[in-house]
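1. Model the structure of this input:
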Amino acid sequence: MADRVLTWYVDQIEGDGTTAGPVYCLDKNYDLRSAKVRLHAKKAPDAGVLTVDIKDDGVSVFSTASGFPALQKSRQQEEEWDDFSDSLRRIEKFSFVSLDIRSSGGAKGITVSLELNEDESG
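-> Next up is the predicted model:
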């Protein structure tokens with residue numbers, strides 16, 4: 001079980017490439033290597049692919065070579081995404097963590113969860 005779960009819910013997407021939902025300020029250091037992302041949409045994308053990005057102080061936590069968490073057309077759920085940037089080992093205390101909608105694909109009622117474990121390495 002995760003030590004902390006950040007959750008974003010976006011009912012209607014205002015446009016592609018926009019920040020959505022709350023911005024979280026972290027209270028501790030969290031290990032990114034053990035993190036997981038879960039993605040769900042009440043209404044599955046019908047015009048393309050729903051793609052999201054989670055940013056740590058404005059920098060993506062994902063490996064751009066592997067892409068971003070996504071829901072393909074007509075799918076409502078991505079069970080688990082764990083392909084994070086190799087250059088980021090952890091998310092530091094007092095970092096601001098935000099969600100960007102890269103493309104909506106027509107999806108609605110989107111929930112994105114980032115499951116984090118405390119970084120014990122110091």
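2. what are the pairing partners of the one helix or strand in the chain whose mean pLDDT sits lowest, and which direction each?
-> Lowest by mean pLDDT, DSSP states H and E among the helices and strands of the chain is strand 77-81, with a mean of 76. Next to strand 77-81 in the sheet, as set by DSSP bridges, lie strand 30-43 (antiparallel).
3. gap between the partner strand and the chain center?
-> 6 Å (Cα atoms, centre = their mean, to the nearest Å).
4. likewise stretch 1-10?
-> Centroid separation for stretch 1-10 versus its chain: 9 Å, with Cα atoms, centre = their mean.
5. Just the buried residues of it, please?
-> 4, 6, 8, 10 (16 or more other Cβ atoms under 10 Å). C-beta coordinates here come from the backbone N, C-alpha and C atoms, glycine included.
6. Tell me who's in contact with the first one.
-> If I follow you right, that is residue 4. Counting by Cβ atoms under 8 Å, 6 or more residues apart in numbering, residue 4 makes contact with 26, 28, 30, 115-118.
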